[in-house]
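Trainee: I need the structure of the sequence given here:
(3 chains)
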Amino acid sequence: MADLKMKGNHVLEVEDLHTSFATDRGRVDAVNGITFAIDKGGTLGIVGESGSGKSVASLSILQLLEGTTAHIRKGQIRFMGQDLLTLSRAQMRKIRGNRIAMIFQEPMTSLNPTMTIGSQIAEPIIFHQGKNRRQAWNAAVEMLELVGMPEPRKRARQYPFELSGGMRQRVMIAIALACGPDVLICDEPTTALDVTIQAQILTLVKRLQREMGTSIIMITHDLGVIAETCDFVAVMYCGKIVEYTRAFNLFTDPKHPYSKGLLESIPSHEEDSDENLKTIEGTVPSPYELPPGCAFAPRCPYAKEICHETMPELDGEPEQKVRCHIYQTTSTESPTEGGTVASYIQISDMWKGEELW
Amino acid sequence: MKSHKTAKNVQMYIGAGIVLFFVLVAIFAPLIAPYDPLEVVIPRRLQAPSSEHWLGTDDLGRDNLSRIIFGARVSLTVGVLATAIGAATGVIFGMLAGYFGGKLDSIIMRMIDVLLAFPGLLLALAIVTVLGSSTRNVILAVAIFAVPGFARIVRGATLNVKKLEYIDAIRAVGANDFRIIFLHIFPNILSPIIVQATLNVGGAIVTAAALSFLGVGTPPPTAEWGAMVDRGRAFLYQAPHMIYFPGLMIFLLVVGINMFGDGLTDFLQPKKSR
Amino acid sequence: MGTFIVRRLLQAIPVVLGVSFAVFMMMHLLPGDPAIIMAGEAAQPAQIEQMRVNLGLNDPILTQYWRYITNAIRGDLGTSIRTDMPVRNEIFDVRFATTVQLALVATAFSMFFGLIIGIVSVVWRRSFLDILLMLIALLGLSVPNFWLGVILINFFSLQMGWLPITGWGTPAQMVMPALMLGIGGSAVIARMTRASMLEVFNQDYIRTAYAKGASERIVIFRHALRNAMIPVITVVGLQFGFLLSGAVISETIFAINGLGRLMIQSLMNRDFPTAQGAILVCSLLFVLVNMCVDITYRFVNKRIDLN
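Mentor: Okay, here's the model as predicted:
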């Protein structure tokens, strides 16, 4: 696999990461050799359907897979040049919630129901900054204010059940940012929220990113979220990155047939448009029976013989790479006429991202 | 995870083996017992285990091993029959309450609450005292003691199944309530019933033995493990073997049942345990 | 919350009435005529009849029940046929406190060991130690407690001479009865704690805690244990009931002058008013404990359920 060039200002570099699950039916490679990097203050989106391995990849970075049957088989995760996979448990604990933090998909269940909001936000501050309870509590109240929680002093003493979903996600953000991390991993941060709340949360994350200079990995299946927040985007399919490019390029000039499919299946918001919404034919292959060639070949309208036989490499320019035989052979020429997707970028700002599939 | 699973499997087989052993002993008791369990021979009383009497003799010179072998019959019969009666009653009340809901549900559940309000063994104790000491009455008492557990579990399970769409579909086709209850709901709630029944047999055996130990269970001279322990208490100094072995048998049998039941729970209700 | 407590109290009333009626009917069905017992075996038929009238035994059964229950509410549980003492005094003078103490000591014992075993097996989950501890718990669950009691006496008192065989009051006297009663409870609580903790470990907020950089110790004790205790509370309440009835056995074995022994003795002696009162008081205590558990559970669970 061709390396992505690692530049000096990369905060986090993931290289050739393999994470597998041991199951009754054998080994499943949920993440099968992915490589990416994030600049300081930059935002990388990882987009893909459920089962594409994007969440497992994010959990692998913080090594939060304990208690599951998953383990990181191979690869490097370099944070500030240091490989996290070589750290001891205690050293890793000093990274989690401190230098690299994470927000999860389900704000309803991700908070401890038997602890007050304030003490949950205070926890990482106590763990990592050596502050006493009182100082940490005050810092927690400040964090609540920072994430736009009304009446932070009162809220800090409340329990999660007294808060709405959007408010809870604000609390999750406060917890994640409490120690001013260098990297924030957002795993589907808005999926479980109402449409109107989604925009608020994304705006909040972007604002805090600007203020704190945090790098963000945005895991999502929602291209709307990518359009609103990301500089670069990696499209994942069956545990591999199939396209890596600037977010803008993905919407204006997607290369991989899967990326094109994703974009075409977004509903156009032009009311009088009489074009039918396209869907990607077929289903994601079972992780137990991945095809020998390109994993997308069985669903790909352009698949050739070679696609079914050998897995293509992720190749191309440093800022635009594609894992596709067709694209590589036809070079710059796109296998389809673009058109439908070009209009997408215009509406992406107001698009609030419904469920796509 | 894997090792845990295998450990559970091994447990289940060991449990099944123990239970099977006791069942065989009970069935073939007359063939394998070396002596008549009721034969009183005063000159050989309170003998320690020897080659003639492997587990010694009791205060009336009866052979302990033979009494223990015949005791397996009493304990297994009581455990199984009491559970069967308790389960049948509890299942019927539970399904009626869960399926029909409303007033019937309230009435049944209040009755169950009253039964549950008697702490533990107390209800069985009172019932046996009222009805008089006999193995039949012990079975009845222990059965009534088991009813609330079954009724509650079955009611909950019935409520869950009732919510399924296909039950609505069957009703729309015009099936009558009793047909739905017995043909469609009952088979769907079988696993929790089987699990509860298995675990209940163990509890029933201990409860029945405890009643006999207290002197209100199976009356003498029938060989019964709990009563044997009680009798041995008076001779703890001279003949501790009188209490060791019968109690050990109850212990072993119940361990076997519980091991089997645990494994069964994992097998039939994988979500319940891990 | 207030309305819940009131509703729960109101719910308990029919249960209490049902229990008292069931106990009353059972005593009524007991073989043996209280009039004959009180008047003496040698009494003339006329004397017995007079006794029947005095005791109100000729009245309709519901009238008798009504009289019993109204008297009970005023604190009059009748008079013991055997000792001529008021049943209330028989129960509450010494025995009630003894049995409650016994149950409390056994509960404390079973919670202490149950929680420790449960937590240890969760910390080293899926290890050999875990399997071993759960096997021990299974044995504890299966051992017949009356047998265990006798074995304990044989070992600690007869063989070793360490502990007194009978009585209740000194710590040494409490060890064996509490051990005998508490072992089953420990096993139940250990299994419940383990299952409940493992369930909690699958929750999203545990992952959040790890993501904050919490250590295993903090995750277990601050995040998991508190949430896992909620179902365990209910089990402890139910255990308390088993301990009350287990008191019948342990008080018999260790010759402890408590409610359980009073119950079985009065049942055997056909001392109806005493047996009735003792069973009633035990059941009421059990209903009360479970009501407290329900309310606690509801109070703790409120935070979780409302989403």
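Trainee: what about the residue of the stretch 1-150 of chain A found nearest chain B, how many residues nearby?
Mentor: Residue nearest to chain B within the stretch 1-150 of chain A: residue A:69 (6.4 Å; CB to the nearest CB). Yep, even glycine has a C-beta here, placed from its N, CA and C like the rest. Per other CB atoms under 10 Å in any protein chain shown, the neighbour tally for residue A:69 reads 14.
Trainee: apart from its neighbours in sequence, what residue is nearest it?
Mentor: residue A:22 (4.6 Å; CB to CB, 6 or more residues apart in numbering or on different chains).
Trainee: against which helices or strands is the one helix or strand that neighbour maps to packed?
Mentor: Assigned by DSSP states H and E, residue A:22 falls within strand A:10-23. Judged by 3 or more CB pairs under 8 Å, 6 or more residues apart in numbering or on different chains; DSSP states H and E, strand A:10-23 is in contact with strand A:26-39, helix A:54-62, strand A:70-79, strand A:215-220.
Trainee: restrict the first one to CA atoms and write it as CSV.
Mentor: As requested, C-alpha coordinates have been extracted for strand A:26-39 and formatted as CSV (Å, rounded to 0.1, in the frame of the first residue of the first chain):
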residue,chain,number,x,y,z
GLY,A,26,-13.5,-17.4,12.7
ARG,A,27,-11.6,-14.1,12.5
VAL,A,28,-13.3,-11.0,11.1
ASP,A,29,-11.1,-8.2,10.0
ALA,A,30,-13.2,-5.2,10.9
VAL,A,31,-10.4,-2.8,10.1
ASN,A,32,-8.1,-4.1,7.4
GLY,A,33,-5.1,-1.9,6.9
ILE,A,34,-6.1,1.7,7.1
THR,A,35,-3.7,4.6,6.9
PHE,A,36,-4.5,8.3,7.5
ALA,A,37,-3.2,11.4,9.3
ILE,A,38,-4.6,14.5,10.8
ASP,A,39,-3.1,18.0,10.8
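Trainee: run the chain-centre distance for it.
Mentor: Computed by CA atoms, centre = their mean, to the nearest Å, the chain-centroid distance of strand A:26-39 equals 13 Å.
Trainee: what pairs with it, parallel or antiparallel?
Mentor: Paired with strand A:26-39 in the same sheet, following DSSP bridges, are strand A:10-23 (antiparallel).
Trainee: the strand it pairs with to strand A:70-79, inter-axis angle?
Mentor: Taking axes from the mean of the first three to the mean of the last three CA atoms, to 10 degrees, one finds strand A:10-23 and strand A:70-79 inclined to each other by 170 degrees.
Trainee: now the angle from strand A:10-23 to helix A:54-62?
Mentor: Here the directions of strand A:10-23 and helix A:54-62 differ by 110 degrees (the same axes, to 10 degrees).
Trainee: mind checking how far strand A:10-23 is from the chain centre?
Mentor: Per CA atoms, centre = their mean, the displacement of strand A:10-23 from the mean C-alpha position of its chain is 13 Å.
Trainee: so which bits of it are buried?
Mentor: Going by neighbour count (16 or more other CB atoms under 10 Å in any protein chain shown), the buried part of strand A:10-23 is A:10, A:11, A:12, A:13, A:14, A:15, A:17, A:18, A:19, A:20, A:21.
Trainee: and the last one, how close does it get to residue A:51?
Mentor: When CB to CB, to the nearest Å is applied, the distance between residue A:21 and residue A:51 equals 12 Å.
Trainee: quick check on residue C:86: phi, psi?
Mentor: phi -60, psi 140 (degrees, to the nearest 10).
Trainee: picking that back up, in this structure the residue nearest to residue A:69 contacts residue A:73, no?
Mentor: No - when contacts are counted by CB atoms under 8 Å, residue A:22 is not listed as touching residue A:73 (10.5 Å).
Trainee: can you put the buried residues of strand A:10-23 in a markdown table and add pLDDT?
Mentor: Output for the buried residues of strand A:10-23, formatted as a markdown table (pLDDT from 0 to 100):
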| residue | pLDDT |
| --- | --- |
| A:10 | 87 |
| A:11 | 91 |
| A:12 | 92 |
| A:13 | 92 |
| A:14 | 92 |
| A:15 | 91 |
| A:17 | 92 |
| A:18 | 92 |
| A:19 | 91 |
| A:20 | 90 |
| A:21 | 87 |
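Trainee: show me what contacts residue B:68?
Mentor: By CB atoms under 8 Å, 6 or more residues apart in numbering or on different chains, the residues touching residue B:68 are B:55, B:223, B:225, B:228, B:245, B:246, B:249.
Trainee: ok, of those residues, which one's closest to residue A:310?
Mentor: The closest of those to residue A:310 turns out to be residue B:249 (CB to CB; 68.1 Å).
Trainee: check which residues of the helix-or-strand element of chain C with minimal mean pLDDT are buried.
Mentor: Least confident helix or strand of chain C, by mean pLDDT, DSSP states H and E, is helix C:34-39 with a mean of 73. Within helix C:34-39, the residues that count as buried by 16+ other CB under 10 Å are C:34, C:35, C:37, C:38, C:39.
Trainee: of all pairs in the residues you listed, which one is the farthest apart?
Mentor: Using CB to CB, the buried residues of helix C:34-39 span at most 9.4 Å, a distance reached by C:34 and C:39.
Trainee: just to revisit the earlier point, only alpha carbons, please: show the strand holding residue A:22 as PDB.
Mentor: Output of strand A:10-23 as PDB, limited to C-alpha atoms (Å, rounded to 0.1, in the frame of the first residue of the first chain):
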ATOM      1  CA  HIS A  10       0.500  15.900  11.700                       C
ATOM      2  CA  VAL A  11      -0.800  15.400  15.200                       C
ATOM      3  CA  LEU A  12      -2.000  11.800  14.700                       C
ATOM      4  CA  GLU A  13      -0.900   9.300  12.200                       C
ATOM      5  CA  VAL A  14      -2.500   5.900  11.800                       C
ATOM      6  CA  GLU A  15      -0.600   3.500   9.700                       C
ATOM      7  CA  ASP A  16      -1.600   0.100   8.300                       C
ATOM      8  CA  LEU A  17      -4.000  -0.500  11.200                       C
ATOM      9  CA  HIS A  18      -5.600  -3.900  11.400                       C
ATOM     10  CA  THR A  19      -8.300  -4.700  14.000                       C
ATOM     11  CA  SER A  20      -9.900  -8.100  14.100                       C
ATOM     12  CA  PHE A  21     -12.700  -9.800  16.000                       C
ATOM     13  CA  ALA A  22     -12.500 -13.400  17.100                       C
ATOM     14  CA  THR A  23     -15.900 -14.900  16.400                       C
END
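Trainee: that strand to strand A:215-220, inter-axis angle?
Mentor: If you take the same axes, to 10 degrees, strand A:10-23 sits at 40 degrees to strand A:215-220.
Trainee: which parts of stretch A:161-174 are buried?
Mentor: In terms of neighbour count (16+ other CB under 10 Å), stretch A:161-174 has its buried residues at A:163, A:165, A:166, A:167, A:168, A:169, A:170, A:171, A:172, A:173, A:174.
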